[in-house]
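**Q** sharing a model prediction with you, sequence too.
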Amino acid sequence: MAILSFALTTEAFLSGKKTKTRRRFSDRQFTMWCNQFDKYPDKIHTAVDKVLYAGGNRIGHFKLTAQPYLERLGDMPIEDLEAEGGMWESVEDFINFIHGTPDEMVAVITFKKIYINSEMADKL
C-alpha cells in the first residue's frame, strides 16, 4: 500500500470530487506509482490529510484507475480542473496555486476514492 497526502485538497478528496492529482515526484517515486498500477491494479492505497511524520491522519482510501503519466503543467486539459477538485477557474490559476510554471513536468495520478469499513481498513 502506498500513501498520498491530500493536505491542500482534503475536502475535495473526502467529497469524492477529486479524481486526479499532480505531483512533483522523483524518478524513483514515479516508477513506484507506475509499478503499483502495472503489478497491483486492485491494490488499495491510503490518503492522509498531511504527511504522517508531521502528524497526519488517514482520511480515506483510493485505487488507481489509469497508468500514471508525466505531463507539462501548461498542457493540463481544462477539464482536469474539475478532476483536481474544482477549486480553480483556469489552468493558470492551478499552476499559480501550486507555485509551478507552465513548463514544469509533473506526474499525474488518476484514482477513485474507495469506501471501506473500519474493520477492512484495520487490515490494510
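**A** Alright, I've got the coordinates.
**Q** would you list every one of the strands in this structure?
**A** Per DSSP state E, the chain carries strands over the ranges 3-5, 20-23, 45-48, 58-64, 69-72, 105-114.
**Q** can you check which helix is longest in the protein?
**A** The single longest helix within the chain, with elements called by DSSP state H, is helix 27-39.
**Q** so Ile95 makes contact with Val106?
**A** No - counting by CB atoms under 8 Å, Ile95 does not reach Val106; the two are 9.9 Å apart. Every C-beta, even on glycine, is put in place using the N, C-alpha and C of the backbone.
**Q** who touches both of those two?
**A** Residues touching both Ile95 and Val106 by CB atoms under 8 Å, 6 or more residues apart in numbering: Leu73.
**Q** can you put the strands of the chain in JSON lines and add distance to Gly86?
**A** Below are the strands of the chain laid out as JSON lines (distance: least, CB to CB, whole Å):
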{"stretch": "strand 3-5", "distance to Gly86": "18"}
{"stretch": "strand 20-23", "distance to Gly86": "11"}
{"stretch": "strand 45-48", "distance to Gly86": "17"}
{"stretch": "strand 58-64", "distance to Gly86": "17"}
{"stretch": "strand 69-72", "distance to Gly86": "19"}
{"stretch": "strand 105-114", "distance to Gly86": "15"}
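**Q** got those strands as a markdown table, with distance to Asp80, mean neighbour count and mean pLDDT columns?
**A** Output for the strands of the chain, formatted as a markdown table (distance: least, CB to CB, whole Å; neighbours: other CB atoms under 10 Å; pLDDT from 0 to 100):
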| stretch | distance to Asp80 | mean neighbour count | mean pLDDT |
| --- | --- | --- | --- |
| strand 3-5 | 17 | 16 | 94 |
| strand 20-23 | 6 | 19 | 98 |
| strand 45-48 | 19 | 20 | 94 |
| strand 58-64 | 16 | 18 | 95 |
| strand 69-72 | 9 | 12 | 98 |
| strand 105-114 | 8 | 18 | 97 |
